[in-house]
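1. Provided below are the primary sequence and the corresponding predicted coordinates.
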Amino acid sequence: MSGTDTRGALDRYVGTIEAAPVAAVQFLYRSVLRHTQKGRESPSFQADPTAWLRQAQRGERGPEWARDMFLQAAELWALLAGVGILVGMALDHVFGVPFDAVLTFSLSVFPAFGLLSLADAVRARSMREAEAARRQKRKRLGKKKQPVRCYQPIRRRWIIPVAASVLLTTFWTVLLSTG
């Protein structure tokens, strides 16, 4: 069943958005490595973290891989939130764009997708620990080894960023309008 995607349309769209920062960083990294022969021959130039993240989202990777990829995506979403705040300051100073609007967006949308990635990473970590306990038990009982199960991603993933965005937007709007 490798390569088939059984997720719903909204889950696929959310997965694409979740992978966007990883794809952007991968593009920048490869554009730097491309300028030298040693860079073009390096294994990191050949690696495809975006494909790995999408495989983890579809449940085609083990829990260890999934945890690493989702943590990387969460880190990038946190970085985007910070950069959004700095860009908001610059836009307010140079063009007079209201800082509150940019701050609300940066602290609502980006952390919502970071929360989705973090939730998947925590779920993958707990699945990895359960797999290790299951292997220990089978070993203790003298049963034969079984292959490591693939990570089972969160179903209806789109609910987490939508709900988190609505809650965070409400929170920041109330906080910034009363302060």
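-> Thanks, I have the structure now.
2. Give me the contact list for stretch 116-136.
-> Counting by CB atoms under 8 Å, 6 or more residues apart in numbering, the neighbours of stretch 116-136 from elsewhere in the structure are 14, 18, 56-57, 62-64, 66-67, 70-71, 73-74, 77, 145, 148-149, 151-154, 157, 160-161, 164. Glycine gets a C-beta too; all of them are placed from N, C-alpha and C.
3. tell me which residues in stretch 56-64 are buried?
-> Along stretch 56-64, these residues count as buried under the neighbour rule (16 or more other CB atoms under 10 Å): 56-63.
4. How far does the host helix or strand of W172 sit from its chain's centre?
-> If you go by DSSP states H and E, W172 is part of helix 159-178. Relative to the mean C-alpha coordinate of its chain, helix 159-178 is positioned 20 Å out (CA atoms, centre = their mean, to the nearest Å).
5. do the same with stretch 75-88
-> For stretch 75-88, the gap between its own C-alpha mean and the chain's C-alpha mean amounts to 14 Å (CA atoms, centre = their mean).
6. Helices along the chain, start to end?
-> Using DSSP state H, the helices assigned to the chain run over residues 9-33, 37-41, 43-46, 49-58, 63-94, 99-106, 109-140, 159-178.
7. and those helices, which one's lowest on average pLDDT?
-> For the helices of the chain, the bottom mean pLDDT is recorded on helix 43-46, which sits at a mean of 81.
8. who touches the residue nearest to the spatial centre of the chain in this structure?
-> Centrality entry for the chain: nearest residue to the mean C-alpha point is A73, 3.1 Å, by CA atoms, centre = their mean. Contacts of A73 were listed using CB under 8 Å, 6+ apart, and they are 18-19, 21-22, 53, 113-114, 117.
9. Look up phi and psi at the residue sitting furthest away from the middle of the chain.
-> Most distant from the centre of the chain: G142, at 38.5 Å, with distances by CA atoms, centre = their mean. Geometry field for G142 lists phi and psi as phi 80, psi 20, criterion degrees, to the nearest 10.
10. pLDDT value on it, please?
-> We have a pLDDT of 82 for G142.
11. So the nearest residue to W77 once chain neighbours are set aside versus A90, what's the distance?
-> Beyond its immediate neighbours in the sequence, the residue positioned closest to W77 (CB to CB, 6 or more residues apart in numbering) is G114, lying 3.3 Å away. Distance of G114 to A90, computed by CB to CB, to the nearest Å: 22 Å.
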